[in-house]
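1. Build me a model from this:
(4 chains)
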2 protein chains.
Amino acid sequence: MAMSSRPTIHQVAKAAGVSISSVSRALNGNTSNPEMVAKVRAAVKQVGYVPSAVAQSLKTQQTGQIAFAMEDIGNAAYLAMVREIQPRLREDGYRLLLHATAADVQDEIDVLESLAQKYVDGLILCPIRVTDRHIEALRSPAVPVVVIGQLPDHVGVDNVRTDSRQGARLAVEHLYAGGARRIAFVNGPADTVPGHARYAGYREGLRACGLEVDELLVEVGDFQVAAGQAATERILARTDVDAVFGANDLIALGAMHALRSAGRSIPGDVQVAGMDDTTLAETSFPPLTSVSLGSRERGGIAAEMLLARLHGGTEPAQRVTVPPSLTVRQSTVEVSE
Amino acid sequence: MAMSSRPTIHQVAKAAGVSISSVSRALNGNTSNPEMVAKVRAAVKQVGYVPSAVAQSLKTQQTGQIAFAMEDIGNAAYLAMVREIQPRLREDGYRLLLHATAADVQDEIDVLESLAQKYVDGLILCPIRVTDRHIEALRSPAVPVVVIGQLPDHVGVDNVRTDSRQGARLAVEHLYAGGARRIAFVNGPADTVPGHARYAGYREGLRACGLEVDELLVEVGDFQVAAGQAATERILARTDVDAVFGANDLIALGAMHALRSAGRSIPGDVQVAGMDDTTLAETSFPPLTSVSLGSRERGGIAAEMLLARLHGGTEPAQRVTVPPSLTVRQSTVEVSE
DNA sequence: CCTCCGGCTGGAAACGTTTCCGAGTCATCC
DNA sequence: GGATGACTCGGAAACGTTTCCAGCCGGAGG
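-> Just a heads-up that it's a prediction; the model follows:
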């Protein structure tokens, strides 16, 4: 168990009868002498040498690691990103470090500040809120950072975002087209960036359809199934609806449960739409119409941007916007034109 | 952007007018002189010093990182583990590294062998198959390893497992108690450890209930919704069933879709049960009865075991078995006794 | 034949810490 | 008052690599 410590490059050098510099060169392909390479290879195998990643990092100033920080990996949107990011990074030989911040601002700041420890070569960050302290910490990060999500214009950081406001509007318009006139909205916390944008999109969509905003139709909870269900029940208790738009798929799922319990059929009596287009939407009953915010795509793009920086890209900070799109399934009424 | 490199302990020493050893001591709490500490703190703030994690690692031989390797983070069972593991590790100051092996044996071996690079202090591994090469690589790992899943007895590695065979049996017996006599089974790949065990448990359960195994009732796909749906359709096309047991929740969800399409009510006409007791089971319609294999719990235990090793635990390899339990929801018939 | 040049090799200096060890300071105790 | 001890601090070695540099050798050219 407590083996003597692993062999170092010195033992290899001794076994091969050459200097450590020659071993290093042979292993890193900086030698043209095939004999030397063979000798070193043999010695490596003989002593069972594996280079120390830490020592290499110290010398080369690269760790081969990239961090991804988000609220909670349990959230399907972040999950989709991870599933896209990890393989891409791996392709380029990077390992992935996961930070779950639990939506704690201090945690996010900590992550940003700990970058100066240089334990990773780069960071992909999904802040749920953007505070002044975030902006301050993003001013000159110790390593390249890509932010996924909304960000004030003046922050000079690579950024990939979507337009969830526009997405919310799409959903509302679709529900309207399907015949809905009393469209309820169940939101997540209003003081989060997504919560704010989705609410704005909801109102915008109503206005575009010529409908008034009726606060009786709006409820807030968090971004979870139970909250969606409870919020929908509150709405049903006080007014009539013919559609419910959930600020994410979990909320919409909760809404479906509440509606079913109240004896409403979907989409016959009430249409339901969600947001994020996660696998939950595909597999729910009935399958849920959902606004796709391109999570996978955003993850992939963020990874590409970060890798480009790490490969020496030095152009000014980029910004990419992934447009939302609507995936229509059976929880809403589709109008063929 | 390309700032001059971050200040080192040397700049701090110079700024404070003391030696680097004093700086190190002051920062690590090995100094009793408060003046010295104050002076150093001030200098640190002044030059904006943050210690290099890499250099510290090299010197202390610890990285503060732990790896978790599993098939696919998209799998809800692994997700549950991660959500349990990450906060626990974080409590003790460890960062989490994620490896998704895509069920590739070579990948898993690579992870094990790369441990010799010492880029992490420990590993939690969820192998989907256990080959001789696994066992060989586990013989004397460079850092402590905890395996989640079945493992031959003679492998001297900390191990936390569940009894999915027993779990499958529980499900079958529950379906039988609810009145089912033709209980179909939709499995994942039979050559995986879970696939094998669950099939064995299914047969065992039937036998315990005095039922015969009818191969017409058994189908195999992979552990996904679509496969579960397709497999269920194949079964329905050739025989009658009054219950379907899916080898995981995704399969069971697919089965529910297939049954509904075929016009069967759940649980009236056909009962359905799944396995893993993921959030999907809670949120599906109707909520899915599912066998819990204690994923969260196993993750937590694995984390504890690993941390115990890292804190110097030197007792022989432990094995913990988490018993399966049944979570009954509306997709099956409960018999009150 | 001597010089110059190019290619390999080995020694040594980094990378940024922690920690061992010896030297110095000060107070205490005989 | 001098020796002894307890403490603190600075220098230097170490952790395991990569890479610069100088030296060596052989071959080619004058």
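2. Quick check: the gap between residue A:68 and residue A:180.
-> Using CB to CB, to the nearest Å, one gets 38 Å for the distance from residue A:68 to residue A:180. From N, CA and C alone the C-beta is placed, and that goes for glycine too.
3. So between these two, which is more surrounded?
-> More crowded of residue A:68 and residue A:180, by other CB atoms under 10 Å in any protein chain shown: residue A:68, with 29 against 24.
4. Check the spacing between that one and residue B:24 real quick.
-> From residue A:68 to residue B:24 the distance is 32 Å (CB to CB).
5. same question, residue A:268
-> When CB to CB is applied, the distance between residue A:268 and residue B:24 equals 71 Å.
6. Show the contacting residues for the residue nearest the centre of chain A.
-> Nearest residue to the geometric centre of chain A (CA atoms, centre = their mean): residue A:78, 3.7 Å. For residue A:78, the contacting residues are A:70-72, A:126, A:295, taking CB atoms under 8 Å, 6 or more residues apart in numbering or on different chains as the criterion.
7. That one: helix or strand, and which one exactly?
-> Per DSSP states H and E, residue A:78 falls inside helix A:76-91.
8. Could I have the CA atoms of that helix written out in PDB?
-> Once side chains and other backbone atoms are set aside, the C-alpha atoms of helix A:76-91 remain, and they are given as PDB (Å, rounded to 0.1, in the frame of the first residue of the first chain):
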ATOM      1  CA  ALA A  76     -30.500  19.900 -17.200                       C
ATOM      2  CA  ALA A  77     -29.400  22.900 -19.100                       C
ATOM      3  CA  TYR A  78     -25.900  22.800 -17.400                       C
ATOM      4  CA  LEU A  79     -25.900  19.100 -17.700                       C
ATOM      5  CA  ALA A  80     -26.300  19.500 -21.500                       C
ATOM      6  CA  MET A  81     -23.400  21.900 -21.500                       C
ATOM      7  CA  VAL A  82     -21.100  19.600 -19.600                       C
ATOM      8  CA  ARG A  83     -21.900  16.700 -21.900                       C
ATOM      9  CA  GLU A  84     -20.800  18.900 -24.800                       C
ATOM     10  CA  ILE A  85     -17.900  20.500 -23.200                       C
ATOM     11  CA  GLN A  86     -16.200  17.600 -21.600                       C
ATOM     12  CA  PRO A  87     -15.500  15.500 -24.800                       C
ATOM     13  CA  ARG A  88     -14.400  18.600 -26.600                       C
ATOM     14  CA  LEU A  89     -11.900  19.500 -24.000                       C
ATOM     15  CA  ARG A  90     -10.700  16.000 -23.700                       C
ATOM     16  CA  GLU A  91     -10.000  15.900 -27.400                       C
END
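9. Next, the angle helix B:76-91 makes with it.
-> Going by axes from the mean of the first three to the mean of the last three CA atoms, to 10 degrees, helix A:76-91 is angled at 80 degrees with respect to helix B:76-91.
10. TSV please, covering the contacts of residue A:78 and showing secondary structure and pLDDT.
-> Conversion of these to TSV gives the following (DSSP: H, G, I helix; E, B strand; the rest coil; pLDDT from 0 to 100):
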residue	secondary structure	pLDDT
A:70	strand	95
A:71	coil	91
A:72	coil	90
A:126	coil	95
A:295	helix	95
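11. Mind checking which of those are buried?
-> When neighbours are counted using 16 or more other CB atoms under 10 Å in any protein chain shown, the contacts of residue A:78 contain these buried positions: A:70-71, A:126, A:295.
12. higher neighbour count, residue A:268 and residue B:24?
-> In terms of neighbours (other CB under 10 Å), residue B:24 is the more surrounded of residue A:268 and residue B:24; the figures are 18 against 8.
13. wait, isn't the more buried one in contact with residue B:8?
-> No: Residue B:24 is not in contact with residue B:8 according to CB atoms under 8 Å; the separation is 11.4 Å.
14. three-state assignment of whichever residue of the stretch 201-337 of chain A sits closest to chain B?
-> Closest approach between the stretch 201-337 of chain A and chain B, counting by CB to the nearest CB: residue A:285, at 4.6 Å. Under DSSP: H, G, I helix; E, B strand; the rest coil, residue A:285 falls in the coil class.
15. contacting residues for the spatially closest residue to residue A:94 that is not a sequence neighbour?
-> Distances taken as CB to CB, 6 or more residues apart in numbering or on different chains place residue A:66 nearest to residue A:94, at 4.8 Å, with adjacent residues excluded. With contact set as CB under 8 Å, 6+ apart, residue A:66 has these partners: A:89, A:94-97, A:120-124, A:306.
16. Which neighbouring elements make contact with whatever helix or strand residue A:195 lives in?
-> Counting by DSSP H and E, the element that carries residue A:195 is helix A:193-208. If you count contacts as 3 or more CB pairs under 8 Å, 6 or more residues apart in numbering or on different chains; DSSP states H and E, helix A:193-208 packs onto helix A:164-177, strand A:183-187, strand A:218-220.
17. In that helix, which residues are buried?
-> A:193-199, A:201-206.
18. which one among the residues you listed gets closest to DNA strand D?
-> The shortest separation between DNA strand D and any of the buried residues of helix A:193-208 is 41.6 Å, and it belongs to residue A:193 (by CB to the nearest atom of the strand).
19. and the closest one, how far is that from residue A:155?
-> Using CB to CB, residue A:193 is found at 13 Å from residue A:155.
20. same deal with residue A:86?
-> As judged by CB to CB, residue A:86 and residue A:155 stand 26 Å apart.
21. gap between the closest residue to residue A:138 other than its chain neighbours and chain B?
-> Of all residues beyond its chain neighbours, the one nearest residue A:138 is residue A:157 (5.2 Å), with distances taken as CB to CB, 6+ apart. Applying CB to the nearest CB, to the nearest Å, the value for residue A:157 to chain B is 11 Å.
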